[in-house]
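Asker: build me a structure from this.
(one chain, ligands or ions: 2)
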Amino acid sequence: MTKVTVVGAGNVGATCADVLATREICQEVVLVDIKEGFAEGKALDIAQKAPVIGYDTRTVGVTGDYARTANSDVVVITSGLPRKPGMTRDDLIATNSKIVNEVTSKIIEHSPNAIIIIVSNPLDVMTYAAHLASKKDRRQVMGMAGILDTARYRAFLAEALDISPKEIQAILMGGHGDTMVPLPRYTTVAGIPVTELIDADKLDAIVERTKKGGGELVKLMGTSAWYAPGAAAAQMVEAIVKNQRRVFPVCVKLDGEYDIKDCYLGVPVILGKNGIEKIIELDLNDDEKAMLETSRSHVKEVMDTFDKMNAGA
Ligand SMILES: NC(=O)C1=CN([C@@H]2O[C@H](COP(=O)(O)OP(=O)(O)OC[C@H]3O[C@@H](n4cnc5c(N)ncnc54)[C@H](O)[C@@H]3O)[C@@H](O)[C@H]2O)C=CC1
Ligand SMILES: O=C([O-])CC(=O)C(=O)O
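Answerer: Residues are numbered from 1 along each chain as shown. Ligands and ions are numbered 1, 2, ... in the order given. Sure thing, here's the model as predicted:
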């Protein structure tokens, strides 16, 4: 039986659980929250949708009962505060690092073999926090951001070109923030380089909109997005539990790849039953390397803030 736990039954966690169940990605989903009754309610609602839509996945909700999460194959951590208008993702570090530390330790106690996917922000540094707390191999602790960021980029391109978003293949690198590095040189429309189909200035505008894509939604809604993020995390779970070996941008600790060490950044990987099966190293040009370095140095600064907070704790 494939069992997946989603910690945090808020907007992103509940959406992820709903996609996992609706698409029958696993047999059982356990939703956990600290708000009394909240996860139970969300799980019951998803279970009651099953007869209408027609799916078999069982959905269970618990309040802080980690014993019920035991022997999960994959755990998605979405617990933590979302940002409000005027905040950056990095502003969430103090609250969310405590939550991610605590939750990861409890998860590992009951599911030592689980592959962990972090969603909580600031994403790259929360992946670092979970990796430290779990003491697991770096291939088994990863962050979800790149699928979401490329989905935004692909959606904007599809709209501009008036074509199906399914036709757009893209990859993107770097931290999950305004320094992310979309890669138009590696973007195609059914195999046709996107640069042959769209003017450079329009493409530049789409790249800029993508970088600030999370903030655009926060401004519109007063809190951050959940449909695309929840679905993106579920897509990573699917690649792992079905050993699909799909290629996605995923946040992982770099250990010499791209000449970067000890930093958590989004890079193209092959995702399969062991987690990160392989990191793909692209032959970046000088401009792309410079953008990746800017992103690395920003993430490293936030990692240093995390280290200082922990040293003082
Ligand atoms: N990586 C990415 O691309 C994205 C990341 N995010 C991040 O995901 C996180 C969740 O966002 P939302 O679901 O919108 O927030 P939300 O506020 O709707 O849900 C968060 C849930 O976490 C729960 N929680 C807090 N502490 C907990 C603990 N110790 N144990 C279990 N549950 C706990 C809360 O009770 C709440 O139900 C935020 O940090 C947000 O910034 C959101 C969208 C995209
Ligand atoms: O923008 C936020 O705070 C949430 C997030 O990471 C995203 O939607 O990309």
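Asker: ok, T187 touching V194?
Answerer: Yes: with contact defined as Cβ atoms under 8 Å, T187 reaches V194; the gap is 4.2 Å. Every C-beta, even on glycine, is put in place using the N, C-alpha and C of the backbone.
Asker: compare these two and say which one has the larger neighbour count.
Answerer: T187 (24 against 21; other Cβ atoms under 10 Å).
Asker: for that one, give me its contacts.
Answerer: T187 makes contact with Y153, L157, I168, Q169, A170, I171, P193, V194, T195 under the criterion Cβ atoms under 8 Å, 6 or more residues apart in numbering.
Asker: try E167
Answerer: A158, V189, A190.
Asker: and it, how far from ligand 2?
Answerer: 23 Å (Cβ to the nearest ligand atom, to the nearest Å).
Asker: what's the pLDDT at that residue?
Answerer: On pLDDT, E167 comes in at 97.
Asker: show me what counts as buried in the lengthiest strand in the chain.
Answerer: Across the chain, the longest stretch assigned as strand under DSSP state E is strand 261-272. For strand 261-272, burial by neighbour count (16 or more other Cβ atoms under 10 Å) applies to C263, Y264, L265, G266, V267, P268, V269, I270, L271, G272.
Asker: what does stretch 102-121 give?
Answerer: Here stretch 102-121 shows 103-104, 106-108, 110-111, 114-121 as buried, counting by 16+ other Cβ under 10 Å.
Asker: widest-spaced pair of the residues you listed?
Answerer: Farthest pair in those (Cβ to Cβ) is H110 and N121. Separation: 24.8 Å.
Asker: in strands only, show me the buried residues of stretch 102-121.
Answerer: I115, I116, I117, I118.
Asker: just to revisit the earlier point, can you pick the most crowded of the contacts of E167?
Answerer: V189 leads these on contacts (other Cβ under 10 Å) with 20 neighbours.
Asker: thought that residue was touching S164?
Answerer: No: using Cβ under 8 Å, V189 makes no contact with S164, being 9.6 Å away.
Asker: give me the subset of the buried residues of stretch 102-121 that also touch ligand 1.
Answerer: When contact is defined as Cβ under 6 Å from any ligand atom, the buried residues of stretch 102-121 meet ligand 1 at V103, V119, S120, N121.
Asker: quick check, the last one in contact with G175.
Answerer: No: the criterion here is Cβ under 8 Å, and N121 misses it with G175 at 11.0 Å.
Asker: just the pLDDT for whichever residue of the stretch 1-150 of the chain sits closest to ligand 2.
Answerer: For the stretch 1-150 of the chain and ligand 2, the shortest gap (Cβ to the nearest ligand atom) falls at R83, measuring 4.3 Å. Residue-level confidence at R83 comes out at 98, pLDDT.
Asker: so what sits opposite the nearest residue to G37 once chain neighbours are set aside in the bridge?
Answerer: Nearest residue to G37, sequence neighbours excluded (Cβ to Cβ, 6 or more residues apart in numbering): T63, at 6.5 Å. Counting by DSSP bridges, T63 forms beta bridges with D33.
Asker: and T63, how many neighbours?
Answerer: 15.
Asker: and the one 5 residues further on, by the same measure?
Answerer: Taking other Cβ under 10 Å as the criterion, the count of residues near R68 is 16.
Asker: equivalent analysis for the one 10 residues further on, please.
Answerer: As a burial measure, T78 scores 30 neighbours (other Cβ under 10 Å).
Asker: quick check, it in contact with V12.
Answerer: Yes: applying Cβ under 8 Å as the test, T78 and V12 come out as touching, 4.4 Å apart.
Asker: name the residues contacting each of these two.
Answerer: Contacts common to T78 and V12, judged by Cβ under 8 Å, 6+ apart, are V119, G230, A233.
Asker: right, and the second one touches A21 too?
Answerer: Which is G230. No: with contact defined as Cβ under 8 Å, G230 does not count as touching A21 (11.6 Å).
Asker: chain center to stretch 115-128, what's the gap?
Answerer: The chain centroid and the centroid of stretch 115-128 are separated by 7 Å, computed with Cα atoms, centre = their mean, to the nearest Å.
Asker: and that stretch, is it in reach of ligand 2?
Answerer: Yes: looking at stretch 115-128 against ligand 2 by Cβ under 6 Å from any ligand atom, the contacts come from N121.
Asker: next: stretch 234-251.
Answerer: No: judged by Cβ under 6 Å from any ligand atom, stretch 234-251 makes no contact with ligand 2; its nearest approach is 11.4 Å.
Asker: how long is that stretch from one end to the other?
Answerer: Terminal residues of stretch 234-251 lie 15 Å apart, using Cα to Cα, to the nearest Å.
Asker: buried ones in it?
Answerer: Quick answer for stretch 234-251 (16+ other Cβ under 10 Å): 234-241, 246, 248-251.
Asker: and if you look at stretch 51-63?
Answerer: Applying 16+ other Cβ under 10 Å to stretch 51-63 flags Y55, T57, R58, T59, V60, G61, V62 as buried.
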